[in-house]
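**Q** Model the structure of this input:
(one chain, ligands or ions: 2)
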Amino acid sequence: MNEVELRALFDQIDTDGDGRISVVELAEGFKAEGAQEHLAEEVEKAMKADVNHDGVLDFEEFRTLLK
Ligand SMILES: [Ca+2]
Ligand SMILES: [Ca+2]
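**A** Ligands and ions are numbered 1, 2, ... in the order given. This next block holds a predicted model:
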């Protein structure tokens, strides 16, 4: 995935457009991809990328998640 695609995906998940992905936005994003089954687990895994522990994923953290 290149930088442009990453940014597009980030913007798509960041539905309120504040430049940060919250747990709720993440859950909605996974749901949209049809990952209902292990939703809580997937969100928990994704939030491990929250290295500064502010409870949201900024673009840098999001990038490390998809690397
Ligand atoms: Ca947001
Ligand atoms: Ca963070």
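
**Q** rest of the way, CA atoms for contacts and neighbours
**A** Fine.

**Q** Which helix or strand contains residue 11?
**A** helix 3-13 (DSSP states H and E).

**Q** what helices or strands is that helix leaning on?
**A** For helix 3-13, the packing partners by 3 or more Cα pairs under 8 Å, 6 or more residues apart in numbering; DSSP states H and E come out as helix 23-32, helix 59-66.

**Q** Quick one: list the elements packing against the last one.
**A** Using 3+ Cα pairs under 8 Å, 6+ apart as the contact definition, the elements that helix 59-66 packs against are helix 3-13.

**Q** that older thread, between the helices and strands packed on helix 3-13, which one is nearest to ligand 2?
**A** helix 59-66 (6.4 Å; Cα to the ion).

**Q** List the buried residues in the closest one.
**A** Neighbour counts over helix 59-66 (16 or more other Cα atoms under 10 Å) mark 59, 61-63 as buried.

**Q** One more: stretch 50-58?
**A** Result for stretch 50-58 [16+ other Cα under 10 Å]: buried residues 50, 56-58.

**Q** for stretch 35-46, same thing?
**A** 39, 43, 46.

**Q** In TSV, list the residues you listed along with distance to ligand 1 and secondary structure.
**A** Below are the buried residues of stretch 35-46 laid out as TSV (distance: Cα to the ion, whole Å; DSSP: H, G, I helix; E, B strand; the rest coil):
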residue	distance to ligand 1	secondary structure
39	18	helix
43	15	helix
46	15	helix
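
**Q** closest to residue 35 among the buried residues of helix 59-66?
**A** Of all the buried residues of helix 59-66, residue 35 sits closest to residue 62, with 18.0 Å by Cα to Cα.

**Q** May I see the buried residues of stretch 35-46 arranged in TSV, with pLDDT as well?
**A** Conversion of these to TSV gives the following (pLDDT from 0 to 100):
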residue	pLDDT
39	92
43	94
46	94
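
**Q** any idea which of these is closest to ligand 2?
**A** Using Cα to the ion, these come closest to ligand 2 at residue 46, 11.1 Å.

**Q** how much space is there between the closest one and residue 7?
**A** 17 Å (Cα to Cα, to the nearest Å).
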